[in-house]
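Engineer: Fold the following, please.
(chains A and B)
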2 protein chains.
Amino acid sequence: MNTNKPYVVGIDIGGTNTVFGIVDARGAVIASSSIKTAKHSNIEDYIDELYNELTKLITTHDAEGKIHGIGIGAPNANYFTGTIEDGVNLPWPTPIPLAKLVSEKFGIPVAITNDANAAAIGEMTYGAARGLKDFIMITLGTGVGSGIVINGQMVYGHDGFAGELGHVTVKRNNGRLCGCGRTGCLEAYCSATGVARTAREFLEVRNEPSMLRNLDIDSITSKDVYDAAIAGDKLAQEIFEYTGDILGAALADFTTFSAPQAFILFGGLAKSGEILMRPIRNSMEKNMMPLWKGKVNLLLSELKEADAAVLGASALGWEAKPQEQPQQ
Amino acid sequence: MNTNKPYVVGIDIGGTNTVFGIVDARGAVIASSSIKTAKHSNIEDYIDELYNELTKLITTHDAEGKIHGIGIGAPNANYFTGTIEDGVNLPWPTPIPLAKLVSEKFGIPVAITNDANAAAIGEMTYGAARGLKDFIMITLGTGVGSGIVINGQMVYGHDGFAGELGHVTVKRNNGRLCGCGRTGCLEAYCSATGVARTAREFLEVRNEPSMLRNLDIDSITSKDVYDAAIAGDKLAQEIFEYTGDILGAALADFTTFSAPQAFILFGGLAKSGEILMRPIRNSMEKNMMPLWKGKVNLLLSELKEADAAVLGASALGWEAKPQEQPQQ
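Structural biologist: Alright, predicted model coming up:
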């Protein structure tokens, strides 16, 4: 890394907030801040505000001229084209040529990728995947995302969209409708939203008492289920068993593809601890091909939750090169 | 490629025959021959015969000192360790340090991999995958094998065993017992053996007339089913529909992993033509994430059947390097 430019900037664009920070080569977040993603209906205005706020941060921390690159994690962001593609919950018309817009504004090389890939790169650079050349990051949030690393390289596929493991079909018959328009996807069961859906399904179909019955059934969240499970509620615990069973079986299938050393779980739901990890681990081992039984690790992200998104995106900043910018 | 050593040798070790040939840089098989794999209960004797027969071939075709490397495709062969691992239908105790034994005998660098990976490398070097950087080879033979290429590189995984897509679970409940000891694997449905099992299942459970009923139910083969289907037998045609449905849905799932440009089908069953390709294609498109609908090609191997195994293995010979040999 160029010692004249010892920092990178990480930007994580979410539907609500855009969080950004300055990160050094050891993965310390020197400074961070955020703006509201949806404040501007015009992408240029949004980038103007991002520029102003980030420049303040850079100036305050004596980092002018010391930024090696900017890494951006955003939904449906394509590493190859530098654009945010269709079908995302952002206030601007797609496709958005984000890498071009940001690099032109800042005069700094920019690389972008989707949020799950950014998480995988962050984990490989600073977290639980340091030293691992073959691993799969699974993000368990509102949806289920994934970032696949094979032989030390991020898998982008021929079109930049590889690693959509949340949309592998886990229920072939009578599967739940997924946001992608198909049915039975992993994401419809093993995301935070999926856990809430399982809760509603169990409560409607079954008769056992549960403290979840005291809640408005339509607004139950995965956090409610977690709290009930921790408090000893049997039905809530079964919801986590059900979730872990499905996810573990899927991980066993994923192993046949790239024979990873480890799966690394990340995101809100991954913080459920053993109540989720135990059934995932049991199901993964039960469904694993004999060849890999006991050989694939199930790990939790080691990135601090508050910094993780910015760190993940920032790690991509080290890779950003001016000549890699498309459409220039 | 070193013009002083313009040839490679490809060796394909099957349960019955070991086929080998001398191949030039354009993929022309200069000469080939074979020996019986199971003739010798001692691996050293087997390698002695292989050495004698191959040396004859090399001498006859004026190729002494002109062999760049030897590539070997064999069941359960591990690229990283150079050994044939446990659990294969070969007459010698495993693990077999094959790369070491052959390179010591011949004094030529040797690289080995499993048969499906060898097929993928052959297709990339000489066949339907020329110019493709992201594709997945699916071999439909006695079993279902796969070779995955991402960004121009063969995927071996952390342990050399990646690409066991025949053992992805396609039936979670009441799935057929698979040779690997688990149930519901793709291979139990979409291999030649799987097609024969489907035939037996359909014939037992259903009442429609079928020319397959004239055959001994226990010895029906996928070839019998193919012949009946081509002759217009409705039940036999449904067996291919059923097989294609399952395989196409699996290919759609595989796409979410590495976003390949194409799947390339190879092996006996792949020669069934449109009677199998049409249901695979239909099911793949039906089950495909919207993002990839209409974008992933379904191709047939372009390697000549008689040469394919040797060609595939030989392509690996160009990669063989003395220092890559393990345990030396």
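
Engineer: what's the helix or strand for the residue in the stretch 101-250 of chain A positioned nearest to chain B?
Structural biologist: Nearest residue of the stretch 101-250 of chain A to chain B (Cβ to the nearest Cβ) works out as A:G157 at 2.5 Å. Just so you know, the C-beta spots here come from the backbone N, C-alpha and C atoms, and that holds for glycine as well. Using DSSP states H and E, A:G157 sits within no helix or strand.

Engineer: since we're on the nearest residue to it once chain neighbours are set aside, how many residues are nearby?
Structural biologist: Closest residue to A:G157 apart from its sequence neighbours, by Cβ to Cβ, 6 or more residues apart in numbering or on different chains: B:A259 at 2.5 Å. The number of residues packed near B:A259 is 24, by other Cβ atoms under 10 Å in any protein chain shown.

Engineer: Now do the contacts for B:A259.
Structural biologist: A:Y156, A:G157, A:H158, A:D159, A:G160, A:F161, A:A162, A:G163, A:E164, B:D134, B:W292 (Cβ atoms under 8 Å, 6 or more residues apart in numbering or on different chains).

Engineer: so the first one makes contact with A:Y79?
Structural biologist: Yes: distance between A:Y156 and A:Y79: 5.2 Å, which falls inside the contact criterion (Cβ atoms under 8 Å).

Engineer: what about the helices in the stretch 101-250 of chain A?
Structural biologist: For the stretch 101-250 of chain A, the helices defined by DSSP state H, counting those that start in this stretch occupy A:115-126, A:187-190, A:192-205, A:222-230, A:234-258.

Engineer: Please see if the first one touches chain B.
Structural biologist: No: with Cβ under 8 Å from any Cβ of the partner chain as the criterion, chain B is not reached by helix A:115-126; the gap is at least 12.1 Å.

Engineer: between A:Y156 and A:Y79, what contacts are shared?
Structural biologist: A:T113, A:N117.

Engineer: Report the beta-bridge partners for A:S32.
Structural biologist: The partner list for A:S32 in beta bridges (DSSP bridges) reads A:G21.

Engineer: List just the nearest of the contacts of B:A259 to A:D12.
Structural biologist: When the contacts of B:A259 are ranked by distance to A:D12 (Cβ to Cβ), A:G163 comes first, at 17.4 Å.

Engineer: Check the gap between the residue nearest to A:G122 when sequence neighbours are not counted and chain B for me.
Structural biologist: Nearest non-adjacent residue to A:G122, counting by Cβ to Cβ, 6+ apart: A:G312, 2.9 Å away. Going from A:G312 to chain B by Cβ to the nearest Cβ, to the nearest Å gives 21 Å.

Engineer: In a strand, A:G312, correct?
Structural biologist: No: looking at A:G312 with DSSP: H, G, I helix; E, B strand; the rest coil, it is helix, so not inside a strand.

Engineer: per-residue confidence for the closest residue to A:T83 other than its chain neighbours?
Structural biologist: Closest residue to A:T83 apart from its sequence neighbours, by Cβ to Cβ, 6+ apart: A:P95 at 4.4 Å. Per-residue confidence (pLDDT) for A:P95: 91.

Engineer: Next, count neighbours for A:P95.
Structural biologist: Number of residues near A:P95 (other Cβ under 10 Å) recorded here: 15.

Engineer: A:V19 is in contact with the residue nearest to A:G122, correct?
Structural biologist: No: counting by Cβ under 8 Å, A:G312 does not reach A:V19; the two are 10.9 Å apart.

Engineer: More neighbours: which of the two?
Structural biologist: Shown here are A:G312 and A:V19; by other Cβ under 10 Å, A:G312 has more neighbours (33 against 21).

Engineer: for that one, what are its contacts?
Structural biologist: Listed by Cβ under 8 Å, 6+ apart, the contact set of A:G312 reads A:G10, A:D12, A:G71, A:G73, A:D115, A:A118, A:A119, A:A120, A:I121, A:G122, A:E123, A:L303.

Engineer: do that again at 6 Å, thanks
Structural biologist: A:G312 sits next to A:G73, A:A118, A:A119, A:I121, A:G122 when contact means Cβ atoms under 6 Å, 6 or more residues apart in numbering or on different chains.

Engineer: out of these, which is most surrounded?
Structural biologist: Result: A:A118 is most packed of these (other Cβ under 10 Å), 35 neighbours.

Engineer: which parts of the helix or strand hosting A:A315 are buried?
Structural biologist: Element membership for A:A315 (DSSP H and E) is helix A:305-317. For helix A:305-317, a neighbour-count test (16 or more other Cβ atoms under 10 Å in any protein chain shown) marks A:D307, A:A308, A:A309, A:V310, A:L311, A:G312, A:A313, A:S314, A:A315, A:L316, A:G317 as buried.

Engineer: need the contact list for A:A120.
Structural biologist: With Cβ under 6 Å, 6+ apart, A:A120 has these contacts: A:M137, A:G147, A:V149.

Engineer: Can you tell me which of those is closest to B:V110?
Structural biologist: Closest approach to B:V110 among the contacts of A:A120 (Cβ to Cβ): A:V149, at 29.2 Å.

Engineer: Isn't the closest one up against A:I136?
Structural biologist: No: contact criterion Cβ atoms under 6 Å: A:V149 and A:I136 do not qualify, at 7.3 Å.

Engineer: Those two: who's more crowded?
Structural biologist: For A:V149 versus A:I136, neighbours defined as other Cβ under 10 Å are more numerous around A:I136 (28 against 25).

Engineer: Spell out which parts of the stretch 51-200 of chain A neighbour chain B.
Structural biologist: A:134, A:150, A:155, A:157-159, A:161-162, A:164-165, A:167-169, A:180-181 (Cβ under 6 Å from any Cβ of the partner chain).

Engineer: now the stretch 201-328 of chain A
Structural biologist: Residues of the stretch 201-328 of chain A lying close to chain B (Cβ under 6 Å from any Cβ) are A:D253, A:T256, A:F257, A:S258, A:A259, A:Q261, A:M289, A:P290.

Engineer: Can you tell me how far the nearest residue to the last one once chain neighbours are set aside is from B:E201?
Structural biologist: It refers to A:P290. Leaving aside its sequence neighbours, A:P290 sits nearest to B:G181 (Cβ to Cβ, 6+ apart; 5.8 Å). Using Cβ to Cβ, to the nearest Å, B:G181 is found at 20 Å from B:E201.

Engineer: Just give me the neighbour total for A:A199.
Structural biologist: A:A199 has 24 nearby residues by other Cβ under 10 Å.

Engineer: A:T59 now?
Structural biologist: 10.

Engineer: can you confirm it is in a helix?
Structural biologist: Yes: using three-state DSSP, the assignment for A:T59 is a helix.

Engineer: And the pLDDT for it?
Structural biologist: pLDDT recorded at A:T59 is 96.

Engineer: A:G143 versus the residue nearest to A:G122, what's the distance?
Structural biologist: Per Cβ to Cβ, A:G312 is found 16 Å from A:G143.

Engineer: just A:L269 next, same as before
Structural biologist: 11 Å.

Engineer: And for A:R213?
Structural biologist: 27 Å.

Engineer: cool, and A:V110?
Structural biologist: Taken as Cβ to Cβ, the span from A:V110 to A:G143 is 25 Å.

Engineer: Could you do A:F240 as well?
Structural biologist: Using Cβ to Cβ, A:F240 is found at 18 Å from A:G143.

Engineer: Those two: which is more packed in?
Structural biologist: Between A:F240 and A:G143, counted using other Cβ under 10 Å, A:F240 has the larger neighbour count: 27 against 24.

Engineer: Would you agree that one is in contact with A:I275?
Structural biologist: Yes: contact criterion Cβ under 6 Å: A:F240 and A:I275 qualify, at 5.0 Å.

Engineer: Give the residues shared as contacts by the two.
Structural biologist: By Cβ under 6 Å, 6+ apart, the residues touching both A:F240 and A:I275 are A:A229.

Engineer: Thanks again, I'm all set now.
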